[in-house]
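> after the sequence you'll find the predicted model.
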Amino acid sequence: MSDSIIYISHDTPVYMRYMKPEDIGLKKWEQLETSGLVLGSQPIGKGVPFEQHERFRVLHEGFVEKKPWNETKYYQKTVDYVNAGNSRWGCKTEAQVRNRFYNELPKLFESIERRGLLTQAELAASDARRTAPRGRDQDIKVALNENGDLLFLDGAHRLGIAKILKLQRIPVRVMFVHQSLGRDALRRVLGDVAEAFPSASAQEEEGERLGGILINDHLLLSGFRPKRTLRRRNLIVSSALNVEGKSVLDVGCAEGLTSLYLSERAKKVVGVDHRSSVINIAKNTARMLGKTNVEFYANDVRNEELFGRLGRFDLIVAWGLIHRITDPFELLYRLADLTDTLSLEWPTPVLPRMETLSFAVHPPHGDSLDPMNTAPAGAHAGKDDAIKVEGNTAFWEMTPGAVKTILGRLGFRYFKILGYGERFLSEKQILKKKNTRDIFHAEDSDRIFSNERLHMIASRNPVDTWIDPDFNSRELIPSWDFAANEGVFKQKS
């Protein structure tokens, strides 16, 4: 990754603005460990000039006005803060605060006055007693807001002393820039360092993309994904499917997250969804990730012309789909023409012997029905993606026994149910968890049966070659999935 150090002068405007990590699409500040990111979808603003902030004023009072530290308002404020059980600059006691002001700060001032303000890397190279830099977290950290203003993030003492000494060369590390900044604005502020932010203005050029994805260690696509156990279960199953060297069709792929997971190991992946809005997101995200083995089409899986061109697949993934279709027979017949192996995920009514009983229920629905679910994607439309035109429910919820029966007529002889619910429970376990009283809802309920989601693999050939026996222990998160790796998920309200 390119370095993101730039040099400013003592009179370069820098602003102090209180920010929360959520303002730029993070869960906690510790996730901002690398510089050169592109963050933030909403305006940040700039706050007040650094020289007007109390963290600069206390340095001016001590070093310029020669006021005793313990007589400054900020010193006493810091003492009160740590005495209340908090920590600041690693100080947890009043004695440590006093040492910071009366010992460490004067030494820092003398060092900067004597040889200027150096980066941590320069300090390591120039001081024989130092074998390694203290780390980038010791550099002055800044960011660029949507207008190209420099926002202070960390290193107030170094920046304040450099401004007091009127240094002409102050190194600062740019941790992130706002994603709305165009290339010209970046070059005007950052010069050659602008190249460390390769796609800051790509929002307009590339269109919308899947949030929480890290591109080339620089561009973090802003936005959260819903924190739902279904996302994690799908990640576990996609990690465990043996798709190396295989061709995979992802039906109802939405924004393409599962397709992108599978493309890490599969030879070729094709994602299909009838909603052009989510397909555009999937295409843009794949392009930004440099994926060349995944294609996306806004189309209907029953389109014979499309699949006449694409041919057959080693595996078809159809997760969260068959319960949304008015005629599941037609869908499964079509899919059976295109592959010998299916990976299915859907909600089933929970009742005894559901793995052998052929049964389906039509849950309550809204005033209007849209069998092909033409509502926009949830995140794209600003809604939770469980909200569907059908009235927040499915069309047909079939037992696994019913799906087996349909596929059995099409030559599928091998079935493996990976499990029910968040922990991939067995039929016996899920029936025990949802005891008899819970299986059948009260008479005043609008739903007769309790339901639970399951994953199942169906094949004309033995299934064991398609899934690892210990699949539930696997969760291979690609490095580019920042949201999954760092746990940056939006809590479902």
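Looks like it arrived, so ask away.

> only C-alpha atoms from now on, for both contacts and neighbour counts.
Fine.

> first-to-last residue distance for stretch 67-81?
Stretch 67-81 has its terminal residues 21 Å apart, counting by CA to CA, to the nearest Å.

> same thing with stretch 450-470?
Terminal residues of stretch 450-470 lie 28 Å apart, using CA to CA.

> ok, residues contacting that stretch?
The contact list for stretch 450-470, computed with CA atoms under 8 Å, 6 or more residues apart in numbering, reads 240-243, 340-350, 404, 407, 411-421, 424, 438-441.

> looking only at pLDDT, what's the mean for it?
Averaging pLDDT along stretch 450-470 gives 87.

> what does stretch 52-72 give?
94.

> when you give positions from now on, start the count at 432
Done: numbering now begins at 432, and the last item shifts to stretch 483-503.

> mind listing what's buried along that stretch?
By 16 or more other CA atoms under 10 Å, the buried positions in stretch 483-503 come out as Arg486, Phe487, Arg488, Val489, Leu490, His491, Glu492, Gly493, Phe494, Trp500.

> tell me the span between the first and last residue of it.
Using CA to CA, the end-to-end distance of stretch 483-503 comes to 15 Å.

> what's the offset of that stretch from the middle of its chain?
Its chain's C-alpha centre and that of stretch 483-503 lie 42 Å apart, by CA atoms, centre = their mean, to the nearest Å.

> mind checking how far Gln610 is from Arg619?
On the measure of CA to CA, Gln610 and Arg619 end up 16 Å apart.

> those two - which one has more neighbours?
Comparing Gln610 with Arg619 by other CA atoms under 10 Å, the one with more neighbours is Gln610, at 27 against 11.

> surely the more buried one meets Leu575?
No: assessed by CA atoms under 8 Å, Gln610 is found out of contact with Leu575, at 9.5 Å.

> between those two, what contacts are shared?
In contact with both Gln610 and Leu575: no residue, using CA under 8 Å, 6+ apart.

> now do stretch 506-521: everything it contacts.
Val489, Trp500, Asn501, Cys522, Lys523, Thr524, Glu525, Val528.

> so who does the nearest residue to the first one once chain neighbours are set aside touch?
I take that to be Val489. Counting by CA to CA, 6 or more residues apart in numbering, Tyr505 is the residue found nearest to Val489 once chain neighbours are left out, at 6.2 Å. Contacts for Tyr505 were tallied using CA under 8 Å, 6+ apart; they are Glu485, Arg486, Val489.

> between those residues, which is nearest Gly687?
Nearest to Gly687 among the contacts of Tyr505: Arg486, at 46.3 Å, using CA to CA.

> any idea how far Glu686 is from the closest one?
Going from Arg486 to Glu686 by CA to CA gives 45 Å.

> tell me which other helices or strands whatever helix or strand Arg486 lives in touches.
Using DSSP states H and E, Arg486 falls within helix 485-494. Helix 485-494 sits against helix 504-514, helix 587-595, with contacts defined as 3 or more CA pairs under 8 Å, 6 or more residues apart in numbering; DSSP states H and E.

> minimum distance to Ala713: which of those helices has it?
Of the helices and strands packed on helix 485-494, the one closest to Ala713 (CA to CA) turns out to be helix 587-595, at 41.4 Å.
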